[in-house]
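Visitor: got a predicted structure plus its sequence, pasted below:
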Amino acid sequence: MKYWLIKSEPEAYSWDDLENEIIGRWDGVRNYQARNNLKTMQKGDLCLFYHSVTGKEIVGIAEVVNEYYADTTAEKGDWVCIDVKTYQKLQKPVTLSQIKSEEKLNQMALLKQSRLSVSPITKDEFDCIISMGQ
DNA sequence: GCCAACGTTGGC
DNA sequence: GCCAACGTTGGC
């Protein structure tokens, strides 16, 4: 089981949108590093769902329900998407400033590579954020 | 709204 | 293959 952080501007696609859709398709990724991460994701992996720009906070946990397949929104090139569903909403969102002020989390790609939309995180980082969100 | 960081494109 | 120009993302 691996852990990930996925992010989206809530104006484009929010946690509530995923909740309404039940199963959401995570497509539109056009970055090779993020794509390679998508290809590594396995069914049952858990993803922290981060709202960028508006909110700047982790709002919940999503679960991978289908592994990667061709992204039909791509007109050319080898791009992929996955399917996710909501797993558990955090009782309290964990904000970017909280993450920045927690020493255990200062290696996260969210801080070092703010533009990477799909990034791996460690179990320790995952557990730390979950406990901060309770 | 500004700007830094990063990725992509295209001229040479 | 290098690098300047440009576009996008996302924090502030």
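Guide: On my side now, so go ahead.

Visitor: which secondary structure element is home to residue A:34?
Guide: Here residue A:34, judged by DSSP states H and E, is contained in helix A:32-40.

Visitor: where do the strands sit along chain A?
Guide: Assigned by DSSP state E, chain A shows strands spanning A:3-8, A:24-26, A:46-51, A:57-70, A:80-95, A:118-121.

Visitor: of all those strands, which one is nearest DNA strand B?
Guide: Closest to DNA strand B of the strands of chain A is strand A:118-121 (CB to the nearest atom of the strand; 11.4 Å). All C-beta spots, glycine's among them, are computed from the backbone N, C-alpha and C.

Visitor: which neighbouring elements make contact with the closest one?
Guide: With contacts defined as 3 or more CB pairs under 8 Å, 6 or more residues apart in numbering; DSSP states H and E, strand A:118-121 has these neighbours: strand A:3-8, helix A:32-40, helix A:109-112.

Visitor: pick the most buried one from the ones you listed.
Guide: The highest mean neighbour count among the helices and strands packed on strand A:118-121, using mean count of other CB atoms under 10 Å, belongs to strand A:3-8: a mean of 21.

Visitor: what lines up beside that one in the sheet?
Guide: Its sheet considered, strand A:3-8 pairs with strand A:46-51 (parallel), strand A:118-121 (antiparallel) by DSSP bridges.
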